[in-house]
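S.K.: sequence first, predicted model second:
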Amino acid sequence: MIPNRRGVRESAFLALCCMAALSGCASLPEPVSSITINSDPPGAQVFVSGKNIGTTPVLVELDKVFPRHWTGRIKSDVGPGFAFYRRLATVTIKKTGCKPYTGQFTGKNLKQNITVNLSCGPQYLPPPQATPAATESRGTKIEQRLQELLELKNKGLITDQEYHTQQQRILNQL
């Protein structure tokens, strides 16, 4: 039996619709499973719903840190509904000498990395960068102090107990 033209056209149309639908599925974005929380300046403590999760920059696995749960409406909700199954948490970022940042994040906000610019006062000084020269000079100073201490002991100007006490104090500065 030869299929009629109408059946062939319907089959071809159905095949084209399926191909179009499937090609659209291929372009869906991958779901985000982790994000990075950054701050400027870096090195700030990050708290999610009151729990310390690390120091910026910190890589966060969303399912572990921002699990989905049932919540009521919040100010930013639009549309109908009074309960939502979603990620919702308060993020607080703190650094000594800077004004703490607190923000509420939902699943909508958690699709990309978070970067917060902290407002730091004039008393804030970034941590000094250790340079090899500074480390060497500090080591040299400690060696000189230990050598002077040994000379005092050898000359009998301090006792063995005083020598060991001072030696330990100097070594604790390393």
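M.R.: The structure has been received and is ready for your questions.

S.K.: distance of Leu59 from Gly107?
M.R.: 18 Å (C-beta to C-beta, to the nearest Å). (C-beta placed from N, C-alpha, C; glycine too.)

S.K.: ok, these two, which is more surrounded?
M.R.: Neighbours per residue, other C-beta atoms under 10 Å: of Leu59 and Gly107, the larger number sits with Gly107, 15 against 12.

S.K.: pretty sure that one contacts Ala89?
M.R.: No - the criterion here is C-beta atoms under 8 Å, and Gly107 misses it with Ala89 at 10.2 Å.

S.K.: and for those two, which residues touch both?
M.R.: Each of Phe66 lies in contact with both Gly107 and Ala89 under the rule C-beta atoms under 8 Å, 6 or more residues apart in numbering.

S.K.: how much space separates the spatially most central residue of the chain from Asn117?
M.R.: Centroid-nearest residue in the chain, with C-alpha atoms, centre = their mean: Val58, separated by 1.8 Å. From Val58 across to Asn117, the span is 16 Å (C-beta to C-beta).

S.K.: what average pLDDT does stretch 34-48 get?
M.R.: Stretch 34-48 shows a mean pLDDT of 88.

S.K.: what of stretch 11-19?
M.R.: The average pLDDT within stretch 11-19 is 65.

S.K.: kindly report the same for stretch 83-99.
M.R.: Regarding stretch 83-99, the rounded mean pLDDT is 84.

S.K.: check the offset of it from the chain's centre.
M.R.: Distance of stretch 83-99 from the chain centroid (C-alpha atoms, centre = their mean, to the nearest Å) equals 12 Å.

S.K.: next, the buried residues of it.
M.R.: Phe84, Arg86, Arg87, Leu88, Ala89, Val91, Thr92, Ile93, Lys94, Lys95, Cys98 (16 or more other C-beta atoms under 10 Å).

S.K.: from the residues you listed, which land in strands?
M.R.: Residues of these located in strands (DSSP state E): Phe84, Arg86, Arg87, Leu88, Ala89, Val91, Thr92, Ile93, Lys94, Cys98.

S.K.: so can I have TSV of those residues showing distance to Arg145?
M.R.: Listed next are these as TSV, based on distance: C-beta to C-beta, whole Å:
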residue	distance to Arg145
Phe84	64
Arg86	61
Arg87	56
Leu88	57
Ala89	51
Val91	47
Thr92	43
Ile93	41
Lys94	38
Cys98	36
